[in-house]
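Enquirer: With the input below, show me the fold.
(chains A, B, C and D)
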Protein chains: 2
Amino acid sequence: MTLSRERVVDTAVAVLSRYGLADLSMRRLARELGVQPGALYWHVASKQELLVEVADRLLRQRVAAPQSQDPAAAVRALAVAIRAALLRVPDSADVVALAYAVDPGSVEPLRELSRLLRRLGVAGARLDAATQLLVHHILGSVTAEQNRRQASASDPGPVADAGPGALAAFELGLDVILDGLRPPP
Amino acid sequence: MTLSRERVVDTAVAVLSRYGLADLSMRRLARELGVQPGALYWHVASKQELLVEVADRLLRQRVAAPQSQDPAAAVRALAVAIRAALLRVPDSADVVALAYAVDPGSVEPLRELSRLLRRLGVAGARLDAATQLLVHHILGSVTAEQNRRQASASDPGPVADAGPGALAAFELGLDVILDGLRPPP
DNA sequence: ACCTGAACACCGTTCAAGT
DNA sequence: ACCTGAACACCGTTCAAGT
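Expert: Take a look at the predicted model:
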């Protein structure tokens, strides 16, 4: 099986999913692919570029957000769907945050959030600010929960995850944002 | 001059401030202190523990937030002050986010934000959610701006920073949150 | 008590040389 | 065109041995 950019990215997603970001090194990836480390650089410019590609995959793999007539409900549904998709892959929020830092426009669901907010009647500088606020809330929430998980994984504490409480807190935060957006003063 | 935990942390803050997180390695720190890398581990358990200490320093060094009677104005002022303090040190938001991930209670200004929100009449699960939302907004905003800066630093683009626009967006986001918190339904 | 010396098991990236 | 071999300049952490 020949090497290809696709196979490199696929394997990167697989390693991330199974072992986390700490184990996602170029050398580890090469080993997994049965190839010398230098070979990867024929298909990918750098580790950073690879991670941007990985982030893209993670966000596209998400469950289709249920369509809704009410734009506020649509924003809620999309935000919750993105959060749920990222929670499945360890350290995914870090990877997406890096991609968003390198190139904010490359993250498609961000632009989708922006479109939905415009339908809510938000516009101009307020639209940009609200989009950023939502993205920070999503990524922050996922990062916090994933860190909690791997903290309790090495801990002898209770096995029950803080999942439901974290989702409730996330949704309360969403409501605060959506309420704050309602009357454009 | 003998080595001490304090001197290690001080030097870590200095290296971070001048060269950024990528250059803040235990080995670099040891070189800067004129000592062997292993010596650091007598004063500090690990790099992670050191970074938590560094984050604490960064947040304590902030300008005292102007006191205000109006609790909403106080939240605004504190959030803006924390943001300004972090913007001065490269990659500071990443370091604080890590500390917040390892031990959320260790970050003092977080608890201060929580206290101010309670004075605003926010309570219960809503208080936790609002605090987290604010923290995510602050750290997300600083991360985004610091990444923009180091992107434009290697770029031949315009020298003018996106500072004023970013501050305005940050404050608009704050307003959305504070408006959303006003009527506890 | 505190530090050195030296090792262990790793990194990302480059690049001549091979096929 | 695509990959190997080998190197360059690094990492965090541990630990016997010295003082």
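
Enquirer: how many other residues sit next to the residue in chain A that DNA strand D sits nearest to?
Expert: Relative to DNA strand D, the nearest point of chain A is residue A:38 (3.0 Å; Cβ to the nearest atom of the strand). All C-beta atoms are positioned from the backbone trio N, CA, C, and that covers glycine. Close neighbours of residue A:38, defined as other Cβ atoms under 10 Å in any protein chain shown, add up to 9.

Enquirer: For it, give its distance to residue A:11.
Expert: 16 Å (Cβ to Cβ, to the nearest Å).

Enquirer: helices or strands up against the top helix by length along chain A?
Expert: Ranked by residue count and defined by DSSP state H, the top helix of chain A is helix A:124-154. Counting contacts by 3 or more Cβ pairs under 8 Å, 6 or more residues apart in numbering or on different chains; DSSP states H and E, helix A:124-154 packs against helix A:71-87, helix A:92-102, helix A:108-119, helix A:163-181, helix B:92-102, helix B:125-154, helix B:163-181.

Enquirer: need the contact list for the closest residue in space to residue A:175 that isn't next to it in sequence.
Expert: Excluding the flanking residues, the one nearest residue A:175 by Cβ to Cβ, 6 or more residues apart in numbering or on different chains is residue B:180, at 7.3 Å. In this structure, residue B:180 makes contact with A:175, A:176, A:177, A:178, A:179, A:180, A:181, judged by Cβ atoms under 8 Å, 6 or more residues apart in numbering or on different chains.

Enquirer: Most neighbours among the residues you listed, which one is it?
Expert: When neighbours are taken as other Cβ under 10 Å, the top entry among the contacts of residue B:180 is residue A:176 (25 neighbours).

Enquirer: Spatially, what comes nearest to that residue if we skip its sequence neighbours?
Expert: Taking Cβ to Cβ, 6+ apart as the measure, residue A:176 lies nearest to residue B:180, with 3.8 Å between them; neighbours along the chain are not counted.

Enquirer: how much space between residue A:175 and residue A:182?
Expert: On the measure of Cβ to Cβ, residue A:175 and residue A:182 end up 11 Å apart.

Enquirer: follow-up on the earlier one: Throw the contacts of residue B:180 into JSON lines and include pLDDT and distance to DNA strand C, thanks.
Expert: Compiled in JSON lines, the contacts of residue B:180 are given as follows (pLDDT from 0 to 100; distance: Cβ to the nearest atom of the strand, whole Å):
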{"residue": "A:175", "pLDDT": "97", "distance to DNA strand C": "40"}
{"residue": "A:176", "pLDDT": "97", "distance to DNA strand C": "39"}
{"residue": "A:177", "pLDDT": "98", "distance to DNA strand C": "36"}
{"residue": "A:178", "pLDDT": "97", "distance to DNA strand C": "40"}
{"residue": "A:179", "pLDDT": "97", "distance to DNA strand C": "43"}
{"residue": "A:180", "pLDDT": "97", "distance to DNA strand C": "41"}
{"residue": "A:181", "pLDDT": "96", "distance to DNA strand C": "40"}
